[in-house]
Each structure stands twice: as C-alpha cells, then as structure tokens.
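Asker: Structure for this input, please:
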Amino acid sequence: MKQLLTNKITRGELNKFLKTHSGAGKTLNIGSGGLQSSNYFPNVIGLDISKAATPDILGDSHYLPFKEESFDVILCTEVLEHLKQPQKAIDEMRRVVKRGGELLLTTRFIFPLHDTPCDYFRYTKYGLRYLLRDWNVVQITEETDTIGTLAVLLQRIAYQCEVLRFKPFKGLFHLWAHLTKRLGFIVTKEYGVFYDRILEQKIMTSGYYVVAIKM
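Answerer: Below is the predicted model:
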C-alpha cells in the first residue's frame, strides 16, 4: 500500500505515453539519465551532458554530435525545461532526425522547481506549437487534468519538502494527492479567458506530451 501511494503520478502517465509510441527504429534519447528508454526503444543511443548519467555519448543537446538525418526517432523526456536555448535544441533535433521521423517530447507546465539550479522554463501548449512551428505537430496531450495537477503538486510537497520533520505527514500528503486525483469530475467547464467565457481544456496541467513529425 505504501509503495502504491508513493508511486509518482507523473511517471505512470509517462510510461503509458512511451509504451504507446514504442518502436524498434534507431532512437536518440536526449537527456538519457532519468529514463530506462530501452524498455520501449530497443535500438536506442543515450546522450546526456552529465557523466553521472552514464550516457552512451557525452554531449550537449544544443550541439548534437551527429550527421543530418541520423535517427528515426528523437526521444526528449523532461529535458526541455532544463535547456538554456530551447529553440536551438529543437532545431538540432530536427536536423538529426530523418525526414518523416518522429520527435517524442515531454516537458513541464505547472510543476515545482526541480533539478535546480538548471531549471529554466515552463511551457504552455501554445508555446510548444511555436517552438515546433517547423514540424508537423501530430499531438499535444496534457499529462493531467486540472484537478490532477493539484494532486501532482501535493505529491511533490511530499517528495521535496520537510513537513514539520514528522515523516507520517509525508504519507498524508501522498494519500491526499491520490484522493484528489479522483475528483476530476467536479470541474465541468474551463475558460482560457474568464470574462469572455472563452472555453479552454485543462487550463492546468503538470506537463505536456508531444508527437511531432519532421516535414
């Protein structure tokens, strides 16, 4: 029971996304330290800027050390928010993926500071479409709904905060998070512009999952 409560809500959603898009094509995993991508992409090369991540190739995503059109798939999970020049990195990904190849990208929107101090940006779906304006964006999916985002934030308090130096309180935050996640049904309409009642979907989400194709 304790293990189920402390399982990351976001990690479960990420694994579903990766499983859905898994494949045997030649794959570059950018920022490979935090993900066992070989479970879904057996023909994968991991690149990371940190030696501690023990990547296959030590390198900077702003200056990818590969020839043009070297890969069938680019995998970039939970990395974009940590890049100082995201557009430059996106353009590099486009350079090294084959025409018709896929970019599978996930990143944060409403989420606490993490892996500091190298935490620079948060992205809306509109900002992501702008960054990917030279790609065919097939899918941008919210990781959580609005209430689910509150659940993720509660869980991050348990992970990242001391709570009166009393460990059982952390368990209460985990429980609170999982109970909150079940309450998504209470939100029936959401607005991007409140005073004009312009409808929007999932105005709060912990992050986005993107599928884009190189045109």
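Asker: For this protein, which segments count as helices?
Answerer: Secondary structure of the chain by DSSP state H: the helices cover 2-6, 9-20, 86-96, 125-131, 146-160, 167-181.
Asker: Which one, of these, ends up nearest to residue 32?
Answerer: Of all these, helix 9-20 sits nearest to residue 32, with 13.1 Å by CB to CB. For glycine as for every other residue, the C-beta is placed from the backbone atoms N, C-alpha and C.
Asker: just to revisit the earlier point, and the helices of the chain: which comes nearest residue 80?
Answerer: For residue 80, the closest of these is helix 86-96, at 5.5 Å, according to CB to CB.
Asker: Which neighbouring elements make contact with the closest one?
Answerer: For helix 86-96, the elements it packs on are strand 27-30, strand 71-77, helix 125-131, judged by 3 or more CB pairs under 8 Å, 6 or more residues apart in numbering; DSSP states H and E.
Asker: Just send the helices of the chain back as JSON lines, with mean neighbour count and mean pLDDT too.
Answerer: What follows is these, written out as JSON lines (neighbours: other CB atoms under 10 Å; pLDDT from 0 to 100):
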{"stretch": "helix 2-6", "mean neighbour count": "11", "mean pLDDT": "68"}
{"stretch": "helix 9-20", "mean neighbour count": "16", "mean pLDDT": "92"}
{"stretch": "helix 86-96", "mean neighbour count": "19", "mean pLDDT": "98"}
{"stretch": "helix 125-131", "mean neighbour count": "16", "mean pLDDT": "98"}
{"stretch": "helix 146-160", "mean neighbour count": "19", "mean pLDDT": "96"}
{"stretch": "helix 167-181", "mean neighbour count": "16", "mean pLDDT": "90"}
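Asker: Residue 208: which of those helices is closest?
Answerer: helix 125-131 (5.8 Å).
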